[in-house]
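J.: coords below, sequence missing:
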């Protein structure tokens, strides 16, 4: 038989380099032997530890039976399986053009090693149509699968982890663990989308309104260079100061060492630090709400001096006004509509959901090699408080939930559980993802000494973490300068052109969507009028309308469309698509079932089209209003 291992390994090295490396270290015939049948596809794999075969009967017969069992999933674009078997089933499965990707968890690396020698999966691996995980794969590996393909969440309600056959029952504990990973990752992706488009549309309005301010401010690149040169390259330790209940006990030490640390402070922590006489280097804000402005309004202006305020273009006008006259560095959240304007030199930051995530990104971009977290509880204290003493909105801004609604997370130190919230849990997952995906060696110390455990960090008391700080030389001041007037004016001209293009593009797409909506609405009226005589109804009209709907859905594969509108409309479109997906994958066995499916799809897409057009209309309205404020 031909050996395909080199081909498969080459493909894996590009898509799953860590798994490829583990496969190279496999010693053949350690626990498994291959028994070939009379057909190249009819081979069994025997576990020599207990003489258990993967297939108790003919592998070819059992594979054919499994193919029949999977017929109900013929129109599922995403499948998840535990157990590779001899791999033949998956080669057949991938011949289905509807199947975009199958994720296969193989707990025994040696089995995967054998299969990749005997079967050629190189093309499917290269195209990411098949993804392999093994027993060493983590939750972060699973989460990354869903983050890299945003369409998967649409089919989240169809998720099921299929166990390959009875041989894999011995790995029940591991399969349950991976099932938990998948559910957690899907929940993360769906919750991240949100269920209200108001925030995203508000973000577009604020972004366009704040563009002139951003173009007149120092760029993110400038700030990163200043931090890298004067701090990271000088072996400074970054400290990210959050507002959890544990912060209060860390403040005396922070004050003592403030001249020797690079202090990254989230907006809510600024007034707390100011009361203690601690001056941060950089303060971060990324939210849209006006209430965030209070953190700056209630901090005396002298405390703003020599502080850099790193804020994003989606913040509220009230917040911007509170920082009038201060050193403000504007940047953009990495949303589609911010990329559209093309001002890449001003930088993108804030991929996570909190200012603490944003601060961690700055640590990474600046190439610090050591980072300490304090006040990052992400949980209630034992006394029920949610925030540190002197927090602007109070120590009990958030109240603990009733027992039935409690969210429990592993505690700092690994002993027991602590009570959290769904939002804090989401923040935690983003934080852990950020840490796991850090592209270089960064020592992240969680010196919170309370709250929830953060995977990927070293838990250490704040005092111990500060023992190695060099106190012989004070840190250098950070100095930013705005861009020259000529560049500001040139960029403003470009911004006006891009905004006009944005509005014209939005109106064009809205008109096309409305045209198809009117067609669908008219057909539904006809169906209602002829519901007692559907046999004589012209179903070719429904087929044509469904094709027109598909042409609208093609917008979501158009980079320009998704760049401009995805952030604003995805919250309600994704939730509708999750329900529509149940209809899409339904197998129509005969003409009656096919017609019923077509009618269901038509009805489901009436509101889908209506809300899509309405969402774009809202974007047009707020963008036009913000643009008009420039003059």
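T.: Received, thanks. If you're wondering where the values come from, they're calculated on a predicted model, not measured in any experiment. Residues are numbered from 1 along each chain as shown.
J.: how about low-confidence regions in the chain?
T.: Scanning the chain for pLDDT under 70 picks out 1, 194-196, 404, 532, 631.
J.: ok, the closest residue in space to residue 261 that isn't next to it in sequence to residue 392 distance?
T.: Sequence neighbours aside, residue 239 is the residue nearest to residue 261 in space, at 5.0 Å (criterion: Cβ to Cβ, 6 or more residues apart in numbering). The C-beta positions use only the backbone N, C-alpha and C, and glycine is treated the same way. Separation of residue 239 from residue 392 (Cβ to Cβ, to the nearest Å) stands at 21 Å.
J.: higher neighbour count, these two?
T.: residue 239 (30 against 21; other Cβ atoms under 10 Å).
J.: now that one: which helix or strand?
T.: Following DSSP states H and E, one finds residue 239 within strand 238-241.
J.: I'd like the next helix or strand past that strand.
T.: Moving toward the C-terminus from strand 238-241, the first helix or strand encountered (DSSP H and E) is helix 251-257.
J.: and that following helix, what's buried?
T.: Judged by neighbour count (16 or more other Cβ atoms under 10 Å), helix 251-257 contains these buried residues: 251, 253-254, 257.
J.: next: stretch 320-332.
T.: 320, 322-323, 327-332.
J.: which two of the residues you listed have the greatest separation?
T.: Maximum pairwise distance in these, criterion Cβ to Cβ, is 20.1 Å, between 322 and 332.
J.: show me which pair in the buried residues of helix 251-257 is furthest apart.
T.: Spatially, the most separated pair among the buried residues of helix 251-257 is 251 and 257, at 11.1 Å (Cβ to Cβ).
J.: what's the helix or strand for the residue nearest the centre of the chain?
T.: The centre of the chain sits closest to residue 147, judged by Cα atoms, centre = their mean, with a distance of 5.0 Å. Using DSSP H and E, residue 147 maps to helix 139-148.
J.: give me the neighbour count for residue 419.
T.: Using other Cβ under 10 Å, residue 419 has 20 other residues around it.
J.: distance of the closest residue to residue 616 other than its chain neighbours from residue 57?
T.: The spatial neighbour of residue 616 that comes closest, neighbours along the chain excluded (Cβ to Cβ, 6+ apart), is residue 510 at 4.5 Å. With distances taken as Cβ to Cβ, residue 510 is found 59 Å from residue 57.
J.: can you check residue 550 too?
T.: Distance from residue 550 to residue 57, by Cβ to Cβ: 43 Å.
J.: same question for residue 531.
T.: Distance from residue 531 to residue 57, by Cβ to Cβ: 51 Å.
J.: now for the helix ranked longest in the chain, which elements pack on it?
T.: Using DSSP state H to define each element, the chain has its longest helix at helix 485-529. If contacts are counted by 3 or more Cβ pairs under 8 Å, 6 or more residues apart in numbering; DSSP states H and E, helix 485-529 sits against helix 198-215, helix 336-340, helix 539-553, helix 559-584, helix 591-628.
J.: strands of the stretch 151-300 of the chain, start to end?
T.: Ranges of strands in the stretch 151-300 of the chain, per DSSP state E, counting those that start in this stretch, are 161-163, 238-241, 262-266, 282-285.
J.: ok, residues contacting the shortest one?
T.: Same thing as strand 161-163. Residues from elsewhere that reach strand 161-163 (Cβ atoms under 8 Å, 6 or more residues apart in numbering): 79-83, 169, 175, 178-179, 182.
J.: what about 6 Å?
T.: Outside strand 161-163, the residues within contact range by Cβ atoms under 6 Å, 6 or more residues apart in numbering are 80-82, 179.
J.: one more: the second one?
T.: Strand 238-241 is contacted from outside by 261-265, 269, 359, 363, 368, 371-375, using Cβ under 6 Å, 6+ apart.
J.: how about 8 Å then?
T.: 231-232, 247, 254, 261-266, 269, 273, 280, 356, 359-360, 363, 366, 368, 370-376.
J.: now the third one
T.: Residues outside strand 262-266 that contact it (Cβ under 8 Å, 6+ apart) are 227, 231, 236-243, 254, 273, 278-284, 354-356, 359, 362-363, 368, 475.
J.: filter these down to the buried ones, PyMOL style.
T.: To isolate the buried ones among the contacts of strand 262-266 in PyMOL, judged by 16+ other Cβ under 10 Å, type:
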select buried, resi 227+231+236+237+238+239+240+241+242+243+254+273+278+279+280+281+282+283+284+354+355+356+359+362+363+368+475
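J.: can you give me the end-to-end span of stretch 442-460?
T.: Stretch 442-460 stretches 15 Å from its first residue to its last (Cα to Cα, to the nearest Å).
J.: if we go by neighbour counts, what in it is buried?
T.: Quick answer for stretch 442-460 (16+ other Cβ under 10 Å): 442, 444-457, 460.
J.: out of these, which are inside strands?
T.: 444-446 (DSSP state E).
J.: so how far is residue 201 from the spatially closest residue to residue 157 that is not a sequence neighbour?
T.: Leaving aside its sequence neighbours, residue 157 sits nearest to residue 578 (Cβ to Cβ, 6+ apart; 5.1 Å). Distance of residue 578 to residue 201, given as Cβ to Cβ: 21 Å.
J.: show me which of those two is the more surrounded one.
T.: For residue 578 versus residue 201, neighbours defined as other Cβ under 10 Å are more numerous around residue 201 (21 against 17).
J.: re earlier: just curious, which of the ones in strands among the buried residues of stretch 442-460 is nearest to residue 384?
T.: Residue 384 lies nearest to residue 446 out of those, by Cβ to Cβ, at 22.1 Å.
J.: bridging residues for the closest one?
T.: Beta-bridge pairing of residue 446 under DSSP bridges involves residue 373, residue 459.
J.: I figured it hits residue 461, correct?
T.: No - counting by Cβ atoms under 8 Å, residue 446 stays clear of residue 461, with 10.4 Å between them.
J.: about what we covered before: mind listing what's buried along the helix holding residue 147?
T.: In helix 139-148, counting by 16+ other Cβ under 10 Å, buried: 139-147.
J.: can you add distance to residue 572 and give these back as TSV?
T.: Output for these, formatted as TSV (distance: Cβ to Cβ, whole Å):
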residue	distance to residue 572
139	28
140	29
141	30
142	26
143	24
144	26
145	25
146	20
147	21
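J.: count the neighbours of the spatially closest residue to residue 289 that is not a sequence neighbour for me.
T.: In this structure, residue 289 finds its nearest non-sequential neighbour in residue 316, 6.3 Å apart by Cβ to Cβ, 6+ apart. Counted with other Cβ under 10 Å, the neighbours of residue 316 add up to 21.
J.: can you say which of the contacts of strand 161-163 are buried?
T.: Buried residues within the contacts of strand 161-163, defined by neighbour count using 16+ other Cβ under 10 Å: 80-82, 179.
J.: which of the residues you listed sits closest to residue 583?
T.: Nearest to residue 583, judged by Cβ to Cβ, of those is residue 80 at 20.8 Å.
J.: how close does residue 237 get to residue 173?
T.: Distance check for residue 237 against residue 173: by Cβ to Cβ, it reads 40 Å.
J.: I should have written residue 116 there, sorry.
T.: 25 Å.
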